[in-house]
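Student: Give me coordinates for this.
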Amino acid sequence: MLGVQRKDHLLSVLRREGRIVAKDAAAELGVSEDSIRRDLRELADAGACVRVYGGAVPVPAAEAPVEQRLTVATDSKQRVARAAVRLIRPASTIVLDAGTTTLAMARMLPHGAGLTVITPSPAVALAAMEHSQARVLMVGGELSRHSGVAGGALAQETIARLGADAFFLGVTGADPDAGLTTGELDDAVTKRALAARSADVFVLASAEKIGAVSRFPVVGLDEVAGIIADPADRNPLLERLGLLHPAE
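Tutor: Now for the predicted structure:
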């Protein structure tokens, strides 16, 4: 079987089973595991899958462009956002990460609570300004064309001068084995910096993110105060995620 045929077969397995196990694929096709790993590496470089230990998984839906993500798991994101807002203490300083769930949070912020909102996302900043009386501080930096989030060296300098009571962290994957991940390196660096400047970190995990894996690790599961999940989500992986803060 030619390399291009192997890759087509691997993508077919990925669509059908949701995961590729390298040793199983090698046995099925009668080739070495090295050949399969090389195929998976090339497929991952082309953005067709995400490599994980022992094989590969699909690219998470949460890595799609923001216009598409606005239509993914909208009800789940609303439920997670409502639960997250209930954790906000009056007169506190909070960080709202970039993302569609934090955008929903910004539109639900309580009026008159004396909040200060820090965000690397222009869209989240504008929503917070429009829907609340919060003081809004923007993290400066170069905007990613994919995520619309500020990052880079300028963002790091800004974050180093800030501090927050709580960081509501958006990820594209929350998996008990791979941990908390995102699809862009600069985004991962910005998230880690914001987490380091926050007293508590809460992960926003709508249904499509549970069990998903992206390329770049953010922070460890043991470094977060809780994971805010959708109460309607019955994914068995939720029990394995450890520090679980289910939405109520």
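
Student: C-alpha only now, for contacts and for neighbours.
Tutor: Fine.

Student: neighbours of the residue nearest to residue 205 when sequence neighbours are not counted, just the number please.
Tutor: Nearest residue to residue 205, sequence neighbours excluded (Cα to Cα, 6 or more residues apart in numbering): residue 229, at 5.1 Å. Here the number of neighbours of residue 229 (other Cα atoms under 10 Å) works out to 27.

Student: From residue 25, how far off is the residue most central in space within the chain?
Tutor: Geometric centre of the chain, nearest residue: residue 171, 1.2 Å, by Cα atoms, centre = their mean. Distance, residue 171 to residue 25, by Cα to Cα, to the nearest Å: 30 Å.

Student: Can you pull the poorly scored residue ranges out of this protein?
Tutor: Filtered on pLDDT under 70, the chain yields the residue ranges 1-2, 61-73, 146-147, 242-248.

Student: top helix in it by residue count?
Tutor: The helix that spans the most residues within the chain, counting by DSSP state H, is helix 3-17.

Student: now that one, how far from the centre of its chain.
Tutor: 26 Å (Cα atoms, centre = their mean, to the nearest Å).

Student: Would you mind listing the buried residues in it?
Tutor: Neighbour-count burial for helix 3-17 flags 6-7, 10-11, 14 (criterion: 16 or more other Cα atoms under 10 Å).

Student: Would you confirm that residue 25 contacts residue 34?
Tutor: No: using Cα atoms under 8 Å, residue 25 makes no contact with residue 34, being 11.0 Å away.

Student: Among these two, which residue is more densely surrounded?
Tutor: residue 25 (20 against 12).
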